[in-house]
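Quick one, fold the following:
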Amino acid sequence: MKQGVHPKTHYIKVKCSACGAVYIVLTTTDVTDMHLPVCAKCHPAFTGGPIDTKRMTRVQQFMKKWGYKLEQQEEQKEQAQQKQAGKSQAQ
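Residues are numbered from 1 along each chain as shown. Now for the predicted structure:
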């Protein structure tokens, strides 16, 4: 068998930011520790608990980051629909 083909591996600590659980995992990266937003111990999909509705969804985070306003978009859609309805009635 060839020597030096496989990458070097080492153990790192992975910590959950939500519940504080610490896991030891094997990795090939150069990091010494890692942080996760949620883990299997506290995620509602695994625990069967209620989902935290106070957290923003990915779409809401995007909208906030780039300055989009959902209300403005809805108003624009309504105005466009009204224009189209007015054109169809005029014909």
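
just for this protein, where's the confidence low?
For the chain, the stretches flagged by pLDDT under 70 are 50-56, 68-71, 87-91.

For it, which segments count as helices?
In the chain, the helices defined using DSSP state H lie at 44-47, 58-66, 70-90.

V38: which of those helices is closest?
Between V38 and the helices of the chain, the tightest spacing by Cβ to Cβ is seen for helix 44-47, at 8.6 Å. For the C-beta atoms, the positions are set from N, CA and C on the backbone; glycine is no exception.

Tabulate the helices of the chain (JSON lines), appending mean neighbour count and distance to V25.
Listed next are the helices of the chain as JSON lines, based on neighbours: other Cβ atoms under 10 Å; distance: least, Cβ to Cβ, whole Å:
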{"stretch": "helix 44-47", "mean neighbour count": "10", "distance to V25": "17"}
{"stretch": "helix 58-66", "mean neighbour count": "10", "distance to V25": "25"}
{"stretch": "helix 70-90", "mean neighbour count": "9", "distance to V25": "39"}
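
Can you add distance to T28 and give those helices back as JSON lines?
Formatted as JSON lines, the entries for those read as follows, by distance: least, Cβ to Cβ, whole Å:
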{"stretch": "helix 44-47", "distance to T28": "26"}
{"stretch": "helix 58-66", "distance to T28": "29"}
{"stretch": "helix 70-90", "distance to T28": "42"}
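
Could I get the buried residue list for stretch 39-53?
39, 42-43 (16 or more other Cβ atoms under 10 Å).
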